[in-house]
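Novice: show me the folded form of this:
(2 chains)
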Amino acid sequence: MLKAAPALLEVSDLTVLRSGRTVLDKISFSLGRGEIMSVIGPNGGGKTTLLRVILGLLIPDSGTAKLTLGTSVGYVPQKLALDNSMPLTPRRFLSLGMKSARGRVTEIAERTGITHLLDQQLTGLSGGETQRVLLARAIMKQPDFLVLDEPTQGMDVAAQSELFRLIGAIREETGAAVIMVSHDLHLVMRGTDRVLCLNGHVCCTGHPAEVERSPSFRALFGRLDEAAVVPYRHDHDHTHDHEHGPDCGHHH
Amino acid sequence: MIDDFLLRALAAGIGAALAAGPLGCFVVWRRLAYFGDTMAHSALLGLALGFLMNVEPVLGIFAVTVAVAALLLSLERWSTVPTDTLLGILSHGALAMGLVAIGLMSWLRVDLMGVLFGDVLSVSTQDIMLIYAVVAVVLVCLWRIWEPLLATTVSSDLAQAEGLGGRRANLVFTLLLALVIAVAIKVVGVLLITSLLILPAAGARRWATSPEAMVAGAVVIGVFSVVIGMLGSLEFDTPAGPSIVLVAFAVFLIGLPRWPGRLSARE
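Specialist: Model (predicted):
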């Protein structure tokens, strides 16, 4: 008999309070191996807080976030607050604290398009370049679980879709699960299996196309929806296999 | 003709520079200058307690600086007072407590100038042995925790999320810092220790392209400052500790115009 594979990540009733305010309110979901989940939601909706709890950087007030024992984690933080006084090249940074991964630097740099940056100083890189270096480090040890906090910050459009393509490819190769915070609804809708819309509580979750139709999503992203998703919907080089709700206002 | 006392002073100063160089780099990278200062200022209280409890002063200093570091780290975590305010309060609070404690112990004759600004010309052979024992401990420990400490310095979140053992490295680092402060007091005094930590490191930044190169540069500049500063102090009859600091300061100024990064890049 087939048994469902145990989830890599099991979040249950997660609650985080800060200065009396409920930042996360009884969040529950699970993530299986090889699944790509996007976390979206307004500022202050608790997206980064959720990632920090999952990574063990923040202790929740109640509830748990259980990661299967022995899971190796790759993490792309929102930004790298490296002091200017630290002389460090991306080449060194990629394998810092991970001696075993040293032999993979060239290969990973090539895949993430940072070969030309390897011997520059990390503090001199632009925002988008730094994000790519951070992503390169995150995949150095072929992690089972990738956690990305707004990985597309400061990237131009070409680099962004390149990043999503790369994340998809890594998932195919290693079966890694991915959870990422993103503001780019256009890319989220295309590049992920599941969307978690977070506004303190889980306001909706599911396949991108389902989430897009849910009333709470529309309440939050109504305007953004028009601005960011419509151009994608109107790409006519593919078929639309989602079902239209009664209030569906678009036509193909 | 070189006198015995000068050789001893040089040996002690060079030892202090050897240990302060690598630790000083981390103090600079992690923006801990004021943190180190606060620990150093509390040394005076440690000295007084050491005398009061009749233990070796170095031990008293070590214990109190570690306690102050622990207090700082927990306050930083649990209180809402801004970190620099907290440091300012504890730094001067500890210094005042030390001065008052020594003042209260009227039976004790302490050369306050020596404690505050260093008295390297009076070091004993025993002091030197202690300094080099500390140098050995610092270098061996740093070598062993080098990669995790560097990783957690670059990003503590990243190191912790990846499970690289950053917390243990941080703890060891803080203990080593307290240890160096406790023995370097003889050389440059409570008020100037921070400069022995950060000046050579900051001076070495200009030439460094890797963390290891910066550490090597800091050691070279530190040793150079000790030797030139001490010879200068003998020549011009100036206090040794401040003379050493002045040389390190001059080296830093030479490198300053070439400090990397745009001036506007600071957030």
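Novice: use CA for all of it now, contacts and neighbours both
Specialist: OK.
Novice: where do the helices of chain B begin and end?
Specialist: In chain B, the helices defined using DSSP state H lie at B:4-29, B:33-41, B:43-52, B:57-78, B:83-104, B:112-117, B:125-154, B:156-161, B:166-188, B:193-205, B:211-236, B:240-255.
Novice: just the ones you listed: most buried one?
Specialist: helix B:193-205 (a mean of 28; mean count of other Cα atoms under 10 Å in any protein chain shown).
Novice: which parts of chain B sit against chain A?
Specialist: B:28-30, B:147-148, B:150-151, B:154-155, B:157-158, B:160-162, B:164, B:202, B:205, B:208-211, B:214, B:260-261 (Cα under 8 Å from any Cα of the partner chain).
Novice: could you rerun that using 6 Å?
Specialist: Selection of chain B residues close to chain A by Cα under 6 Å from any Cα of the partner chain yields B:Trp29, B:Glu147, B:Pro148, B:Val154, B:Ala161, B:Glu162, B:Thr209, B:Ser210, B:Pro211.
Novice: save those residues as a markdown table, and put in pLDDT too.
Specialist: Listed next are the residues of chain B next to chain A as a markdown table, based on pLDDT from 0 to 100:
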| residue | pLDDT |
| --- | --- |
| B:Trp29 | 95 |
| B:Glu147 | 93 |
| B:Pro148 | 93 |
| B:Val154 | 93 |
| B:Ala161 | 89 |
| B:Glu162 | 87 |
| B:Thr209 | 89 |
| B:Ser210 | 93 |
| B:Pro211 | 95 |
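Novice: reformat these as a markdown table; add distance to A:Gly70.
Specialist: Converted to a markdown table, the residues of chain B next to chain A look like this (distance: Cα to Cα, whole Å):
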| residue | distance to A:Gly70 |
| --- | --- |
| B:Trp29 | 32 |
| B:Glu147 | 21 |
| B:Pro148 | 19 |
| B:Val154 | 24 |
| B:Ala161 | 13 |
| B:Glu162 | 11 |
| B:Thr209 | 35 |
| B:Ser210 | 32 |
| B:Pro211 | 31 |
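Novice: nearest to A:Leu88, of the residues you listed?
Specialist: Set against A:Leu88, the nearest of the residues of chain B next to chain A by Cα to Cα is B:Ser210 (5.3 Å).
Novice: got phi/psi on that closest one?
Specialist: Note on B:Ser210: backbone dihedrals following degrees, to the nearest 10 are phi -140, psi 160.
Novice: what's the neighbour count on it?
Specialist: Applying other Cα atoms under 10 Å in any protein chain shown, we find 15 residues neighbouring B:Ser210.
Novice: and it, how far from B:Ala202?
Specialist: Separation of B:Ser210 from B:Ala202 (Cα to Cα, to the nearest Å): 14 Å.
Novice: same check on A:Arg104?
Specialist: The value you get for A:Arg104 to B:Ala202, if Cα to Cα is used, is 33 Å.
Novice: tell me the pLDDT of residue 68.
Specialist: All of this refers to chain A. We note a pLDDT of 86 for A:Thr68 in this prediction.
Novice: try again with chain B
Specialist: pLDDT, B:Val68: 90.
Novice: show the pLDDT at the residue lying closest to it once chain neighbours are set aside.
Specialist: Distances taken as Cα to Cα, 6 or more residues apart in numbering or on different chains place B:Met39 nearest to B:Val68, at 6.3 Å, with adjacent residues excluded. On the pLDDT scale, B:Met39 is placed at 91.
Novice: what sits against the residue positioned nearest the centre of chain A?
Specialist: The residue lying closest to the centre of chain A (Cα atoms, centre = their mean) is A:Met180, at 1.2 Å. Counting by Cα atoms under 6 Å, 6 or more residues apart in numbering or on different chains, A:Met180 touches A:Ser38, A:Val39, A:Val147, A:Leu148, A:Asp149.
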